[in-house]
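> next input, structure requested:
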Amino acid sequence: MPLNTTVGMEKIEEHFAKLSVARRSAATKEPTYLLDIDTSKNVQEESGCIVAVSCSNGSIRLYNKETLSLLRELNKQPGFFNGVKFSHSNPHVFSACTDGTVKCWDMRLSGKTPVQMFKGYPSNVLISFDINCNDHIICAGTEKFGEDAVMIFWDGRMSSQSTGPFRPPLGVYSETHSDDITKVRFHPTDPNILLSGSTDGLMNVFDISIDNEDEALIATCNSGSSVSYVGWAGKKYKEVYCLTHDEGFCWWDLTNLDSDQPIPCLKIPDVRRMIKVQNGNLDYMIGGIYHEKADQLLVVGGSNTGTIHFITSGLSGLKYMKSLEGGHSAIVRSFSWNTQDDSLLTGGEDAQLLLWKPGATERSLAKKDRMKIASSLHKRVKVHSHDSYKSKKKYI
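Numbers count the residues shown, from 1 in each chain. The predicted structure follows:
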């Protein structure tokens, strides 16, 4: 975990202090929660990047990043979308669905039907997914069904040799989690390293280049609670962290996995109890941002009235840094940090997509009231199972 130098912290605080709303998406016919956001990495419209948003009404909306104008809406399909992710190298956007498929859409087309579907096994309900950095492998995590919660793998490369409407799995991991697999995240630069989190309380790190699941398991990190969010941080991304459904935070340093040295670890059962924000309340945690330029991990939380709170993390613990107010009017569920221009996209239960930039001035638009939606969302908050899970690998 990076030490919080005065110069580095001053730069981060100065930058976030200047963030203000630059654009706000226009109202849509159907109010909906904005659950997940991703920005295109290589494909642009004539006037800028494309932003994909997964919505609670079962659709994916595509926006122009600079204007937040709605470009098109990918057709609703049976099932509920869980997450949205752009390809790293081609004009495709993916989303996992509760119908047991990962759908691939070509942004150059109308969006009436996906160009490829990756199908799981019967009874699979996909609740998390990711694509590795070279676009070769897709991984999805499932809800627990019976005694099984599995991670499914597909070959993500588009091929003219593919037969039929569905791409079958390459295989599964079925032994390393005992409950819903809420998050899977590939390493940002190593296509073979995968991180997973589950309501069983565990975060697992795998090397998927190893054929055997047991041998592929590099480390198991026990958060002691139901995991809601996982991420990578640190120089060369040698650190992992998670948030829990009871608003806890855990961090591990994986640098010394092959040695007998103790691995630094930070565990905070409830961030809300130890952090006092400047205005309002810290009601829930959203996720994390690793600020590469400053080598600093920021934990992101929010208030029920729409304020966003940023908290710095270090060896000494967590420290409140800055709040963003005047944007959202309800719970913020999703965000996307752009390392190219240090801008921030946020979405929430007020059905708004916001673009924040340093020193921006927003056009005069009325802030929406909280949307009173009979949401179909089901929060995956479970009582943590205290059944012990034994691994042959290093248990942190």
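> how far away is the residue lying closest to Y237 once chain neighbours are set aside from S303?
Closest residue in space to Y237, ignoring its immediate chain neighbours: P188 at 5.4 Å, by Cβ to Cβ, 6 or more residues apart in numbering. Quick note: C-beta positions are derived from backbone N, CA and C, even for glycine. To S303, P188 is 30 Å away according to Cβ to Cβ, to the nearest Å.
> and what of T199?
Distance, T199 to S303, using Cβ to Cβ: 25 Å.
> higher neighbour count, these two?
Counted by other Cβ atoms under 10 Å, T199 and S303 do not tie: T199 has more neighbours, with 27 against 21.
> pLDDT score for the more buried one?
As predicted, T199 sits at a pLDDT of 98.
> correct me if wrong: it contacts D180.
Yes. Between T199 and D180 a contact is recorded at 4.6 Å, counting by Cβ atoms under 8 Å.
> any chance you could list what contacts stretch 25-32?
55-57, 59, 61, 63, 68-70, 351-354, 368, 371, 373 (Cβ atoms under 8 Å, 6 or more residues apart in numbering).
> what's the burial count for D214?
Neighbour count for D214, taken as other Cβ under 10 Å: 12.
> quick check: it is in a strand.
No. Under DSSP: H, G, I helix; E, B strand; the rest coil, D214 sits outside any strand and is assigned helix.
> isn't it right up against S174?
No. D214 is not in contact with S174 according to Cβ under 8 Å; the separation is 11.1 Å.
> what's the closest residue to D246 other than its chain neighbours in contact with, if anything?
Nearest residue to D246, sequence neighbours excluded (Cβ to Cβ, 6+ apart): S225, at 5.5 Å. Contact partners of S225, counting by Cβ under 8 Å, 6+ apart, are 201, 244-246, 248, 269, 384.
> buried ones among those residues?
By neighbour count, with 16 or more other Cβ atoms under 10 Å, those hold 201, 244-246, 248, 384 as buried.
> give me the subset of those residues lying in strands.
The strands, defined by DSSP state E, take in T244 from these.
> out of the buried ones among the contacts of S225, the closest to H15 would be?
Distance to H15 across the buried ones among the contacts of S225 (Cβ to Cβ) is lowest for G248, with 27.3 Å.
> how close does the closest one sit to Y241?
11 Å.
> off-centre distance for stretch 231-248?
Offset of stretch 231-248 from its chain centre (Cα atoms, centre = their mean, to the nearest Å): 11 Å.
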